[in-house]
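1. the sequence isn't on hand, but the structure is:
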């Protein structure tokens with residue numbers, strides 16, 4: 001088994017290199033759009049090679065553009081030419097045979113003085129845990145370079161071999177607002193992860209700052225503040241997902257079950273004071289972080305039907321609504337309501353039907 005993930009690395013090009021990358025990214029997208037337009041007009045795939053492309057790009061980039069254009073045309077043809085997409089965001093892509101890296105630089109062919117020259121561009125390859133560099137020791141795919149805001153970002157597709165754990169130990173994980181994640185193993189071992197109240201406090205602080213900056217009409221400062229808030233929340237999601245997966249590894253869990261969160265913002269019931277947090281919270285991102293981290297550890301992730309997982313008594317199956325944070329049933333069962341959700345998620349029906357027996 002294998003898992004493909006994307007490693008993001010910040011590039012620090014010189015002014016000259018940044019200018020070249022900007023021009024190449026624009027030409028790359030323009031080349032793809034032109035090729036797709038030609039293929040749509042002729043109703044057949046192109047037979048052009050890099051020699052037939054006049055754009056001022058290295059031949060490796062031209063070949064990649066032709067490949068990408070054929071891929072776009074294939075989708076257009078499948079949809080019977082109803083919609084022809086036009087790429088707008090500048091980007092440039094190299095295949096895995098045309099770039100290399102060391103601890104401080106990524107080297108790739110770019111156009112220097114009218115010639116294709118493999119040029120090292122400074123990059124923040126190694127983080128404090130050496131995680132990026134360790135991931136890049138595996139099989140590498142395409143390198144995608146794009147500019148986000150004022151930063152150049154390199155995205156490298158990495159294929160990592162994984163081995164699925166054997167066994168039937170299952171853990172249910174309930175995601176929420178006040179407690180970002182609650183996990184319960186099949187032997188009843190439980191743990192709470194994250195601090196929802198702290199997250200809410202940080203959001204209030206950023207909202208207050210935004211209001212003040214809005215009155216002063218400092219739009220750039222507001223955008224920078226938004227980026228900082230998103231960076232903080234993303235960091236919290238990474239910490240929570242990592243802690244959940246580590247807990248699963250400690251307890252020899254082979255399957256993690258999560259709620260299928262599709263349309264949760266429309267179906268979830270919450271108080272008026274938490275409604276804004278519900279619509280701002282990154283349910284999907286946290287579950288995705290948890291899924292790919294679990295897969296890297298060889299732990300399977302299954303998504304279950306979330307219906308009544310927070311209301312059904314795990315002991316007698318009666319449905320009751322929790323009062324505040326406490327769940328009580330007539331049969332005498334009492335637990336924290338999030339624990340009840342996690343317990344029920346362990347045994348809830350799996351969405352695709354391909355489940356491990358609990």
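-> Good, I have the coordinates. Everything quoted here is computed from the prediction, not taken from an experiment.

2. where are the low-confidence patches of the stretch 151-300 of the chain?
-> 166, 262-281 (pLDDT under 70).

3. can you do 50?
-> Along the stretch 151-300 of the chain, the parts satisfying pLDDT under 50 run over 263, 265-279.

4. now the helices: where do they sit in it?
-> Applying DSSP state H, counting those that start in this stretch to the stretch 151-300 of the chain gives helices spanning 196-215, 219-250, 264-267, 272-280, 283-296.

5. deepest in the core, which of those helices is it.
-> Among the helices of the stretch 151-300 of the chain, ranked by average contacts under mean count of other C-beta atoms under 10 Å, first place goes to helix 283-296 (a mean of 19). (C-beta placed from N, C-alpha, C; glycine too.)

6. not counting its own residues, what contacts whichever helix or strand comes after it?
-> Where DSSP states H and E defines the elements, the next helix or strand beyond helix 283-296 is strand 300-304. Residues outside strand 300-304 that contact it (C-beta atoms under 8 Å, 6 or more residues apart in numbering): 164-165, 254-260, 290-291, 294-295, 345, 348-352, 354-356.

7. and the helix or strand that strand 300-304 is followed by, which residues are buried?
-> Using DSSP H and E, the helix or strand that follows strand 300-304 towards the C-terminus is strand 326-328. Buried residues in strand 326-328, counted by 16 or more other C-beta atoms under 10 Å: residue 327.

8. cool, stretch 83-91 as well?
-> For stretch 83-91, the neighbour count (16+ other C-beta under 10 Å) marks 87, 90, 91 as buried.

9. which stretch among the helices of the stretch 151-300 of the chain comes nearest residue 183?
-> The closest of these to residue 183 is helix 219-250. By C-beta to C-beta, the value is 5.7 Å.

10. so for the helix or strand hosting residue 142, mean pLDDT?
-> Per DSSP H and E: residue 142 is located in strand 139-148. When pLDDT is averaged along strand 139-148, the result is 93.

11. next, format the buried residues of stretch 83-91 as TSV and append distance to residue 4 and pLDDT.
-> Formatted as TSV, the buried residues of stretch 83-91 follow (distance: C-beta to C-beta, whole Å; pLDDT from 0 to 100):
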residue	distance to residue 4	pLDDT
87	22	92
90	24	94
91	19	95
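
12. need those residues in TSV (columns: secondary structure).
-> Shown next, in TSV, are the buried residues of stretch 83-91 (DSSP: H, G, I helix; E, B strand; the rest coil):
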residue	secondary structure
87	coil
90	coil
91	coil
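
13. of those residues, just say which sits nearest to residue 211.
-> Among these, and counting by C-beta to C-beta, the member closest to residue 211 is residue 90, at 34.2 Å.

14. my guess is that closest one meets residue 22, correct?
-> Yes: using C-beta atoms under 8 Å, residue 90 is in contact with residue 22, at 7.0 Å.

15. returning to that earlier point: redo the helices of the stretch 151-300 of the chain as CSV? Include distance to residue 185.
-> Below are those laid out as CSV (distance: least, C-beta to C-beta, whole Å):
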stretch, distance to residue 185
helix 196-215, 22
helix 219-250, 8
helix 264-267, 24
helix 272-280, 28
helix 283-296, 14
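
16. state the distance from the closest residue to residue 39 other than its chain neighbours to residue 51.
-> Nearest residue to residue 39 in three dimensions, chain neighbours excluded: residue 73, at 4.4 Å (C-beta to C-beta, 6 or more residues apart in numbering). Separation of residue 73 from residue 51 (C-beta to C-beta, to the nearest Å): 20 Å.

17. swap in residue 19?
-> Distance, residue 19 to residue 51, by C-beta to C-beta: 26 Å.

18. for residue 323, same thing?
-> 74 Å.

19. count of residues packed around residue 51?
-> A count of nearby residues for residue 51, using other C-beta atoms under 10 Å, gives 8.

20. I meant residue 120, not that one.
-> Residue 120 has 14 neighbours, counted by other C-beta under 10 Å.

21. show the pLDDT at it.
-> Per-residue pLDDT puts residue 120 at 96.

22. overlap in contacts, residue 90 and residue 22.
-> Joint contacts of residue 90 and residue 22 (C-beta under 8 Å, 6+ apart) are residue 147.
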